[in-house]
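Asks: My questions are about this predicted structure, shown below with the sequence.
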Amino acid sequence: MKILLDLSGHCIETEAKRIYEESIREYFRAPDSMRSELEKKIEGLRNFLEYSDFNHLRSLHPSLAGADGGRAALHLDGSNSFRIETGGSFYKTQKKTAV
């Protein structure tokens, strides 16, 4: 699944949270026929937010830090596998390290 991210004025983490919350609201208004796809999107975003090292992601490209008002695409490749596409390049997410 591919989710488009608008990173103008904020970082990738903030945008992912915004889309996650918007998708939850949309789920409760959606007809039954659309809920399955929304469930996949919500679960993928939840996993992305829970398991990704956002400090590392923000350090990879200015767009991911919200510095240049760019756009990106989040590719949900599996239960805990994610790729970020921005500026013609792909970035693989790292998992959060335990504190």
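Replies: Yes, it's here.
Asks: where along this structure do the helices fall?
Replies: Counting by DSSP state H, the chain has helices at residues 12-29, 32-51, 54-60.
Asks: With mean neighbour count added, can I get those helices in TSV?
Replies: In this view, the C-beta of every residue, glycine as well, is placed from N, C-alpha and C. Below are these laid out as TSV (neighbours: other CB atoms under 10 Å):
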stretch	mean neighbour count
helix 12-29	16
helix 32-51	15
helix 54-60	16
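Asks: which non-adjacent residue is nearest Gly44?
Replies: Using CB to CB, 6 or more residues apart in numbering and skipping residues adjacent in sequence, the residue nearest Gly44 is Leu76, 3.8 Å away.
Asks: er, Gly9 I mean
Replies: Excluding its sequence neighbours, the residue lying closest to Gly9 (CB to CB, 6+ apart) is Gly66, at 6.1 Å.
Asks: Now that neighbour, what are its backbone angles?
Replies: phi 80, psi 20 (degrees, to the nearest 10).
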